[in-house]
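okay, here's the prediction I keep looking at, along with the sequence it came from:
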Amino acid sequence: MSAEAEAAGNGFNIHPMDQFVVKPLFGHGDIGVFTITNVTLWMGITVLAIIALLVLGTRGRAVVPSRSQSIAESIYVFVHKMLEDIAGKEGLKYFPYIFTLFIFILVANILGLIPGAFTTTSHIAVTAVMAMAVFTTVTLIGFYKNGVGFLGLFWISSAPLVLRPILAIIEIISYFVRPISHSIRLAGNMMAGHAVIKVFAGFAGALGVFSVFPIVAIMAVYGLEMLVVCIQAYVFAILTCVYLNDALHPGGH
Amino acid sequence: MAVEGDLVQMGALIGAGLACTGMGGAAVGVGHVVGNYLSGALRNPAAAAGQTATMFIGIAFAEALGIFSFLVALLLMYAQ
């Protein structure tokens, strides 16, 4: 790999971007559409972890919840309240979609923090699919619910008439930029955070006795990353709710 | 020809580095959002809890523009 050759030239023993390389799980062949790669493996682990949390957690249905039941229930209530606050009662029909997005991103992000694990959400290909799905769904819902009235989202009737065409252009650009910013925000945050940890790990390898300082820094950055992965999952879900609200009530702003 | 390619590569890498200054703008934007939220929240703590979601949406929008500079850097480095 060129990354490994570069790493050897720099004197670092690990290249910070090596962790994002998609590799086939078995053998060293080319990667096709159906090749089982480390992305496939970690997505599968994410789905299994979610199933384990939700199915095993809510199996007992005790009045006084156990720890896993309490985690599952609080995530459910959290997403439910977020959706109801932002998109109103009509938005609750789309609760399964928002909940699926939120819990998948959250668990994939958290599993990606395990040393040696692969962060599936650090790849723009993965997040772009989710963001495009949100964009398409929201646009279709908007046109289905409001018909042509959905275009009122771009024609702000509270603004002065002279400004409206200019605002319409800005609104249309910002509408079509949504899937780009939505996907790259998540992927960029994951990639940058994990690369920072790896860069500090490279310092720790190069400094010998003084590597205690980079290791302390890694611990601090790791704590910050723990916060960032949760916030990014929250931000992805809440922006989906905001877009959904725009589709359900286009004149609302 | 090889020198020309090197020059283009150099220009692209310098441009990618310059695009990183966009991070500063995103940092100012996010700091502004959170700072104003905090000063508002300290004046009226009762209303603070209801506005955390709005704060996060504001952070996300401010951050999005910093992310476009990251995108420009990526495009300069890898997409030519």
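Sure thing, it's come through. Numbering: from 1, shown residues only, chains lettered A, B, ... in the order given.

from memory residue A:230 sits against residue A:105, does it?
No - using Cβ atoms under 8 Å, residue A:230 makes no contact with residue A:105, being 9.9 Å away. C-betas here are computed from N, CA, C, even on glycine.

check contacts around residue A:242.
By Cβ atoms under 8 Å, 6 or more residues apart in numbering or on different chains, the residues touching residue A:242 are A:86, B:57.

about what we covered before: so for residue A:230 and residue A:105, which sits in the more crowded spot?
Legend: neighbour count by other Cβ atoms under 10 Å in any protein chain shown for residue A:230 and residue A:105, higher for residue A:105 (26 against 14).

in which helix or strand would I find that one?
helix A:95-112 (DSSP states H and E).

which helix in the chain has the most residues?
Using chain A. helix A:164-207 (DSSP state H).

oops, wrong one, chain B.
helix B:52-78.

residues near the residue of the stretch 101-250 of chain A found nearest chain B, how many?
At 3.9 Å from chain B, residue A:181 is the closest residue in the stretch 101-250 of chain A, using Cβ to the nearest Cβ. Neighbourhood size, residue A:181 [other Cβ under 10 Å]: 21.

please name the nearest non-neighbouring residue to the residue nearest the centre of chain B.
For chain B, the residue nearest the mean C-alpha position is residue B:66 (1.8 Å; Cα atoms, centre = their mean). Among residues not flanking residue B:66 along the chain, residue B:26 sits closest, at 2.3 Å (Cβ to Cβ, 6 or more residues apart in numbering or on different chains).

for that neighbour, list the residues it contacts.
With Cβ under 8 Å, 6+ apart, residue B:26 has these contacts: B:62-63, B:65-67, B:69.

how about the single nearest residue of chain B relative to chain A, nearest residue that isn't a chain neighbour?
Minimum separation of chain B from chain A (Cβ to the nearest Cβ) falls at residue B:64, amounting to 3.9 Å. Closest residue to residue B:64 apart from its sequence neighbours, by Cβ to Cβ, 6+ apart: residue A:181 at 3.9 Å.

surely the one you found is in contact with residue B:68?
Yes - if you go by Cβ under 8 Å, residue A:181 and residue B:68 touch, sitting 7.2 Å apart.

the residue of chain B closest to chain A and residue A:188 touch, don't they?
No - contact criterion Cβ under 8 Å: residue B:64 and residue A:188 do not qualify, at 10.2 Å.

give the buried residues for stretch B:7-15.
By 16 or more other Cβ atoms under 10 Å in any protein chain shown, the buried positions in stretch B:7-15 come out as residue B:12.

and chain A, is it touching that?
No - using Cβ under 8 Å from any Cβ of the partner chain, stretch B:7-15 stays clear of chain A, with a minimum separation of 13.9 Å.

low-confidence ranges, chain B, go.
Residue ranges of chain B with pLDDT under 70: B:1, B:80.

please list the residues of it that sit near chain A.
Within chain B, the positions lying close to chain A (Cβ under 8 Å from any Cβ) are B:53, B:56-57, B:59-60, B:63-64, B:67-68, B:70-71.

the nearest residue to residue A:246 once chain neighbours are set aside and residue A:251, how far apart?
Leaving out its chain neighbours, the residue that sits closest to residue A:246 by Cβ to Cβ, 6+ apart is residue A:153, at 6.0 Å. Here residue A:153 is placed at a distance of 8 Å from residue A:251 (Cβ to Cβ, to the nearest Å).

contact residues of chain A facing chain B?
Within reach of chain B by Cβ under 8 Å from any Cβ, chain A has these residues: A:82, A:85-86, A:177, A:180-181, A:184-185, A:188, A:192, A:231, A:234-235, A:238-239, A:242.
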